[in-house]
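> Sequence and predicted structure below; questions after.
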Amino acid sequence: TTTANPAFSPVAGTYGTPLSLTITSTTTSAIICYTSNGVDPVCNATPACTTGTQYTAPVGLGYFTGTAKAIACKAGLTNSSIVSAAYVSDNIQPGAPTGPSATPNGSAQIDLSWTAGSDNLTTVPNLVYEICRTTTSGQCNFATFSATYTTAAGATAHNATGLTPATTYYFTMRTRDEAGNFSGVITQFSATTAAAPTVNAPTFSPVAGLYNATQNVTISSTTPSSTICYTTDGNTPACDATPACTTGAAYSGTVAIAATQQLRAIGCRSGYTSSSITSGAYTIDTVAPVISAAAPASNDSPVSTQVS
């Protein structure tokens, strides 16, 4: 029978706090021999540790970078395998990113870039960056820093999307290493998104006017992918940012105007300013004109005829 392998707690990894290792084996009355200098621990048949130290209480390693090893032994049993655990316990603050820039990219995006930070143990490709974004200058300082974005490891650029047009955004950043240590917060930098483009106002075909029959009106905008909301009840059409019609109906086909009505329409598109309202009065007159005439007497001169 073989002695159960020892186990380390915390498990191998990178930590930002001093290390205190607990080492256990599920084999009752087994002794554990351990080392923290990379040398293999050894025990004899007694059993007693001939290389390494016998574990009796949690091992305080402090801020430690290296490999702990352990073996479990019990008289009459085969010794366990040697178990290794590599640790990095680091409290050194990483270097902050440098040279940040913010470039507007349209009305809803700002592109950020920077030069990578540095660290005593974490390699540059494994550093991540936390970015704080706000519309209030000074709100992302050290005391109030809250990460809006966390980049992938090794990133030196980030695109902030979904922003509001014609708005100034302020950014600060910091580096985070694998142990969870943070750099200082860099100086605030900013950029302003462009104003949103405006949807071109809808047009009606046929145009508003006087007609003697029902008109099937086509409503269109030259802005691609725009949504058109329209009304025929006198209300002003409106849409939200989705865009969806909040007042009126979404145009999907010709609108039949069978009686005198006021047609109103607005063009909307996500990321755009809604168009102005297009309004047109359609008068539908289907009543035939009336012709009235008085018959003249035989000796009378002809009389005029009135057409109405």
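Perfect, thanks for sending it.
> For the helix or strand hosting A265, list the C-alpha coordinates in PDB.
Per DSSP states H and E: A265 is located in strand 261-268. The C-alpha trace of strand 261-268 is given here as PDB (Å, rounded to 0.1, in the frame of the first residue of the first chain):
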ATOM      1  CA  GLN A 261     -56.100  63.700 -44.100                       C
ATOM      2  CA  GLN A 262     -52.900  65.100 -42.900                       C
ATOM      3  CA  LEU A 263     -50.000  62.700 -43.400                       C
ATOM      4  CA  ARG A 264     -46.900  63.200 -41.200                       C
ATOM      5  CA  ALA A 265     -43.700  61.100 -41.100                       C
ATOM      6  CA  ILE A 266     -40.300  61.100 -39.400                       C
ATOM      7  CA  GLY A 267     -37.100  59.100 -40.300                       C
ATOM      8  CA  CYS A 268     -35.100  57.400 -37.500                       C
END
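> what lines up beside it in the sheet?
Sheet pairing of strand 261-268 (DSSP bridges) gives strand 227-231 (antiparallel), strand 278-284 (antiparallel).
> okay, now the closest residue to V217 other than its chain neighbours: neighbour count?
Once flanking residues are discounted, V217 sits nearest to V255: 4.8 Å by C-beta to C-beta, 6 or more residues apart in numbering. All C-beta spots, glycine's among them, are computed from the backbone N, C-alpha and C. A count of neighbours around V255, defined by other C-beta atoms under 10 Å, yields 19.
> re earlier: contacts for the strand holding A265?
Residues from elsewhere that reach strand 261-268 (C-beta atoms under 8 Å, 6 or more residues apart in numbering): 199-202, 204, 208, 217, 219, 221, 223, 226-232, 234-239, 243, 245, 248, 251, 255, 257, 274-282, 284.
> which stretches of the protein have low pLDDT?
Along the chain, segments meeting pLDDT under 70 span 293-308.
> what do you get if the cut-off is 80, keeping everything else the same?
292-308 (pLDDT under 80).
> from the chain's centre, how far out does the strand holding A265 sit?
Put simply, strand 261-268 sits 34 Å off its chain's centre (C-alpha atoms, centre = their mean, to the nearest Å).
> Ok, stretch 6-26 next?
Relative to its chain's centre, stretch 6-26 lies at 36 Å (C-alpha atoms, centre = their mean).
> and the gap between T50 and Y34?
Separation of T50 from Y34 (C-beta to C-beta, to the nearest Å): 13 Å.
> what about those two, which has more around it?
Neighbours were counted for T50 and for Y34 using other C-beta under 10 Å; Y34 has more, 22 against 11.
> which residues does that one contact?
Per C-beta under 8 Å, 6+ apart, neighbours of Y34: 6, 23, 41, 52-53, 55, 59, 68-71.
> Could you check how far it is from T17?
Per C-beta to C-beta, Y34 is found 20 Å from T17.
> what's around G280, how many residues?
Neighbourhood size, G280 [other C-beta under 10 Å]: 19.
> Let me know whether it touches V207 as I believe.
Yes - the criterion here is C-beta atoms under 8 Å, and G280 meets it with V207 at 6.8 Å.
> For F171, list each beta-bridge partner.
R133, F189.
> Can you tell me how far it is from Q215?
54 Å.
> what's the spacing between the one helix or strand I71 maps to and its chain's center?
Taking DSSP H and E as the definition, one finds I71 inside strand 65-73. The chain centre lies 44 Å from the centre of strand 65-73; the measure is C-alpha atoms, centre = their mean.
> dump the residue contacts of the residue nearest to V217.
Neighbours of V255 in contact, by C-beta under 8 Å, 6+ apart: 216-217, 219, 230, 232, 263.
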